[in-house]
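Peer 1: Provide a 3D model corresponding to the input given below.
(chains A and B)
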2 protein chains.
Amino acid sequence: MNASEFRKRGKEMVDYIADYLEGIEARQVYPDVEPGYLRPLIPASAPQEPETFEDIMTDVEKIIMPGVTHWHSPHFFAYFPTASSYPAMLADMLCGAIGCIGFSWAASPACTELETVMMDWLGKMLELPEAFLAESGGEGGGVIQGSASEATLVALLAARTKVTRQLQMASPELSQASIMEKLVAYSSDQVVATLGTTPCCSFDNLLEVGPICTEANVWLHIDAAYAGSAFICPEFRHLLNGVEFADSFNFNPHKWLLVNFDCSAMWVKKRSSLTGAFKLDPLYLKHSHQDSGLITDYRHWQLPLGRRFRSLKMWFVFRMYGVKGLQAYIRKHVQLSHEFESLVRQDPCFEICAEVTLGLVCFRLKGTNEQNEALLEKINSAKKIHLVPCHLREKFVLRFAICSRTVESAHVQQAWKHIRELTTELLRAQKK
Amino acid sequence: MNASEFRKRGKEMVDYIADYLEGIEARQVYPDVEPGYLRPLIPASAPQEPETFEDIMTDVEKIIMPGVTHWHSPHFFAYFPTASSYPAMLADMLCGAIGCIGFSWAASPACTELETVMMDWLGKMLELPEAFLAESGGEGGGVIQGSASEATLVALLAARTKVTRQLQMASPELSQASIMEKLVAYSSDQVVATLGTTPCCSFDNLLEVGPICTEANVWLHIDAAYAGSAFICPEFRHLLNGVEFADSFNFNPHKWLLVNFDCSAMWVKKRSSLTGAFKLDPLYLKHSHQDSGLITDYRHWQLPLGRRFRSLKMWFVFRMYGVKGLQAYIRKHVQLSHEFESLVRQDPCFEICAEVTLGLVCFRLKGTNEQNEALLEKINSAKKIHLVPCHLREKFVLRFAICSRTVESAHVQQAWKHIRELTTELLRAQKK
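Peer 2: From the prediction side, this is the model:
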C-alpha cells in the first residue's frame, strides 16, 4: 500500500470509526459467540498473495465485530472505564506515523521532552507536591508506564534495590540471598496503598499510613489507577492528601481521563531510585548528551527498552478538552453514579454495599449470595447491559460502573428499569 | 469533539501522515535541538479552556517535528528497524476505536481469539514445531507481549516458578530464600540464547545449547528480537534450527515484519508454565467459560492486566502483504546490506567486522578506535544520515542497519559516498 492508497483507505477507516462509535448503542453490548467461534471462520494459514482492503473490512464486520465486547457502549457498566476520545485517537494516528522508539533522549528528543512536560502538566492538575515535578529542578519527575501493574513492579524493584544497597553498606558480610530473606513488603488485602480499589473503590488513609512509612524508612507506593483522574476536581482532591509522604505515585489516565490505553502516569520523588535499579547503557544507546545531567533517558525508568510517543495523546486531550472540560467529564460520571445510587436506595429490595464516592456503585438484592448470582446471570444473559460482580466481606455484590464517554441519565434510568424487571422475574420464579 | 468533527479532522490527519511519510526524505534525519529545547516553547500548565485542532497541528510542525529523529527516513541506519506500514496504521486506528481491554476471553472474545490464530499463522510462517502452536490442541501457544524485555522477564519468572516448585516438592524443608539462593540463570555476554544480537547480529548455535539444556532440565528461552522476521524466508530458516529444544521463543514483528510497535511475539510449549506463574483471578474478572478448558485468558500470560487488540495489526499486514510480499521485503533489506558490504570491501581503508547475515553491516576504518569515534562524530554531526556504534572485542565499530521501509539502493550508495567524503576530510585533517 502506498501513500496515495493510504489517503483513500485512511479516510474510509475514519468514517468506519465514526460510524461505529455513533452507532455503538445499537449493537448488543456483549457478544453471542461461544469459545472457539473465530478459528473456523478464517483460513488456517496466512495467504501467500496479497488480499484487498475491502476483503479485510468485510471480514471486520463479519468475523470480528460479532465477537467484540463493546466497552464504549453506553450500556457497558462493567469493570472500570477505559478511556476513549477522538483527540486521543488523532494523536495515536500521529504517534503511529512518527513511529519513533523513544528509549533515549537522542532516539527522539521531542518524545522524551514532551513526556516530561506533560507529566508536569498532569501533576499540576492534580496539585501534586512540587517534589514530584521535573520543572522544580529537583530530583523528581514523571514517566508514562504501560499499566499500573508495571508501575507497581517498577516501584517494588526500585524499593528493593534501595534497601538492598543500604543493607549491603551496613552489613557487607551478608549474602544477596540472606538480604532477600530479610525484605518485607507490606500490603493491604487490595495490595499496596490504594486510592480507589477495584472491587468497591475504597480509599486508604494516607495521612495514617504515610508518617509510619516515613518513620520506618519504608518505600511508600500509592496506586490510584482508577480514582486518580478525579483528583483534578478540587472537591475530590482531599482524597489524595498524604501523597506528600509517598516515594512513588501512579494512576491511569487511560481509565478515566479520556487518554486512550495505554497511558499509566507514574511520578517519583527521586528519579535516581528508578534509574539506579534499571540502568542499561550499551554503546549503541549512548549519546553525547547523556552525561550532561540535562537530559532524561526514559529507558532507565521502565522495564521495556522500547516506548511509543504516548505523550502526544495527553497533549491533544488536555488541549482540546481544557482542564475545565476534563473536570466536567469526571463530574458528569460521578453525578450519574449518584443518580443510580439514589434509584437503588429508593427500592427496599436492594441495598448499597459501599460508600459511593466516584463513578462506581456496589449494590445487591437484600437476600442470599445465590439470589444475587442468579440476578447477575440473568442480567448478563439478557445482554442489554453488561456488569461484573465482586466480593465484599463474603457477600456477592454487583458493581455498576459508569464507563462510557457517551453515557447519559437516560441510559442509567433504562439500565435500572431493566434490572428491576429482571429482579421481578427472578423473585416470581423463585416463589413458584 | 464529536463524530462529525472527527470525520473532518481524522481525514486531515490521514493527509498529514501521508504528506509526512511521502516527504520524510527531505527532512533532516536527526534534529538540531539541544536538551531542554521544548519546555520554553509550550505553556507551563494545561489550558483551562479548550483549544482548537488547528492550534495543535500548527504546534506539531513548529514544536514537535523539529525535535523528532525520523526513524522512517531512508537516511536512517541506526539501531535496528522499527516497523511501519500503512496496513498496520489502519489496523491501529481500528484497535483504538474498538478500545477493548482484552485481559480475559469475556472482556472481548474476538481480541483473544484472533490473537491465538494470528500467533499460529505467524508460527507456521516460521515453521515453528507443532508443539508451539495452539491449533495442535496440545499445551503450546503464542501470545503478543509489549517487548522482548517483557518476554524475557516472563520466561524468567515462569522458569523460576517451575524450578522452585520442583525443589519444594523434592525438599519440603527448604525455605523460599534458600531455594532462591540455589537458582542459577545462564546467559551469554548478550544475554539468554540469542539469534541476531544487537551489536553485530550474531547467532548462538541452538543445536549445541539445546540438548545440554534439555539434559540438565534447564529452561531454554530464545530471543530473536530482530532476526526472527527473516525466518519466514526458507533460505534463512536454518538459523532457527534447534528451536525444538526451547521452552519459549520470542521475536519482534514490530522490528522487521511491518507490524508497528508494539508487537512482540512469544510462544511457549507449555502454557501452564506461564499461567501457573501469573494467575490472577479476582471475582470481577471471572466469567462463565473460564474453567471450561476451551478458552485463553491472556492476562495469565503477561505482566500487565490490560492489553490492546494488537492482533488486528498482524491480520491486516499479513493479508495485505501476503507471505510473498513480506518475504520480498526481508530479501530487499538483506540485499541492500550486502550491497553496502561490498562497497565497504572495495575500499582498502575500511574493514568489515562481522559476518553480514541479514540487514546489519558492522564496519570500521582500518585504524584506531579514536579515528572511528571521530568518523562517527562527523557523520552524525553532518546529520545527512544517522548511525550508532557498538563495541566488538574492544574495537569501536560503526553499525549500518537497513531500517526504512522505503530505503533503496540509491540511498545506500549515497550514504556510502557521504561516509567516504567525510573519511577523506577526516584523514586529511589528521595528516595536517
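
Peer 1: ok, which stretches of chain A are strands?
Peer 2: Per DSSP state E, chain A carries strands over the ranges A:141-145, A:193-194, A:221-223, A:248-251, A:264-268, A:350-352, A:360-365, A:388-392, A:395-401.

Peer 1: distance between the second one and the chain's centre?
Peer 2: Think strand A:193-194. 15 Å (CA atoms, centre = their mean, to the nearest Å).

Peer 1: Which other helices and strands does that strand contact?
Peer 2: strand A:221-223 (3 or more CB pairs under 8 Å, 6 or more residues apart in numbering or on different chains; DSSP states H and E). C-betas here are computed from N, CA, C, even on glycine.

Peer 1: ok now the strand it packs on, how far from the chain's centre?
Peer 2: The answer for strand A:221-223 is 14 Å, by CA atoms, centre = their mean.

Peer 1: So is that strand next to chain B?
Peer 2: No - using CB under 8 Å from any CB of the partner chain, strand A:221-223 stays clear of chain B, with a minimum separation of 12.1 Å.

Peer 1: now what about that strand, what contacts it?
Peer 2: Under the criterion CB atoms under 8 Å, 6 or more residues apart in numbering or on different chains, residues A:148, A:151-152, A:155-156, A:159, A:191-195, A:206, A:243, A:246-251 lie in contact with strand A:221-223.

Peer 1: 10 Å instead?
Peer 2: Here strand A:221-223 makes contact (CB atoms under 10 Å, 6 or more residues apart in numbering or on different chains) with A:148-149, A:151-152, A:154-156, A:158-159, A:185, A:187, A:190-197, A:204, A:206, A:209-210, A:213, A:228, A:240, A:242-243, A:245-252, A:264, A:266-268.

Peer 1: partners of that strand in the sheet?
Peer 2: Using DSSP bridges, strand A:221-223 pairs in its sheet with strand A:193-194 (parallel), strand A:248-251 (parallel).

Peer 1: hmm, which of the contacts of strand A:221-223 are the buried ones?
Peer 2: A:148-149, A:151-152, A:154-156, A:158-159, A:190, A:192-197, A:204, A:206, A:209-210, A:213, A:228, A:240, A:242-243, A:245-252, A:264, A:266-268 (16 or more other CB atoms under 10 Å in any protein chain shown).

Peer 1: List the buried residues in stretch A:43-54.
Peer 2: Within stretch A:43-54, the residues scored as buried using 16+ other CB under 10 Å are A:46-47, A:50-51, A:53.

Peer 1: who are the neighbours in contact with residue A:134?
Peer 2: With CB under 10 Å, 6+ apart, residue A:134 has these contacts: A:115-117, A:119-120, A:123, A:140-143, A:267, A:271, A:296, B:39.

Peer 1: could I get those as a markdown table with pLDDT and distance to residue B:256?
Peer 2: Formatted as a markdown table, the contacts of residue A:134 follow (pLDDT from 0 to 100; distance: CB to CB, whole Å):
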| residue | pLDDT | distance to residue B:256 |
| --- | --- | --- |
| A:115 | 97 | 26 |
| A:116 | 97 | 30 |
| A:117 | 98 | 33 |
| A:119 | 98 | 32 |
| A:120 | 98 | 36 |
| A:123 | 98 | 38 |
| A:140 | 94 | 38 |
| A:141 | 95 | 33 |
| A:142 | 97 | 32 |
| A:143 | 96 | 28 |
| A:267 | 97 | 35 |
| A:271 | 90 | 33 |
| A:296 | 88 | 28 |
| B:39 | 97 | 35 |
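
Peer 1: Going by neighbour count, which of those residues comes out on top?
Peer 2: residue A:267 (29 neighbours; other CB atoms under 10 Å in any protein chain shown).

Peer 1: Looks like that one contacts residue A:244 (just checking).
Peer 2: No - in this structure, residue A:267 is not within contact of residue A:244 by CB atoms under 10 Å, at 11.9 Å.

Peer 1: any residues in contact with both of these two?
Peer 2: In contact with both residue A:267 and residue A:244: A:128-129, A:131-132, using CB under 10 Å, 6+ apart.

Peer 1: Pass me the low-pLDDT residue ranges in the stretch 51-200 of chain A, would you?
Peer 2: Scanning the stretch 51-200 of chain A for pLDDT under 70 picks out A:189-190.

Peer 1: report the longest helix in chain A, please.
Peer 2: The longest helix of chain A (DSSP state H) is helix A:311-345.

Peer 1: buried set for that helix?
Peer 2: A:311-323, A:325-327, A:329-330, A:333-334, A:336-338, A:340-341, A:343-344.

Peer 1: Quick check: which of those residues are also close to chain B?
Peer 2: Among the buried residues of helix A:311-345, the residues lying close to chain B (CB under 10 Å from any CB of the partner chain) are A:311-323, A:325-327.

Peer 1: tally of neighbours for residue A:188?
Peer 2: 12.

Peer 1: wait, isn't it in contact with residue A:208?
Peer 2: No - taking CB under 10 Å as the definition, residue A:188 is not a contact partner of residue A:208, at 11.9 Å.

Peer 1: Name all residues that make contact with residue A:82.
Peer 2: Residue A:82 makes contact with A:71-72, A:76, A:252, A:254-256, A:260-262, A:403-404, B:99-101, B:107, B:306, B:308, according to CB under 10 Å, 6+ apart.

Peer 1: Now look at stretch A:63-71 and say if it contacts chain B.
Peer 2: Yes - applying CB under 10 Å from any CB, one finds stretch A:63-71 touching chain B at A:63-71.

Peer 1: For these, work out which two are farthest apart.
Peer 2: Farthest pair in the residues of stretch A:63-71 next to chain B (CB to CB) is A:63 and A:71. Separation: 18.8 Å.
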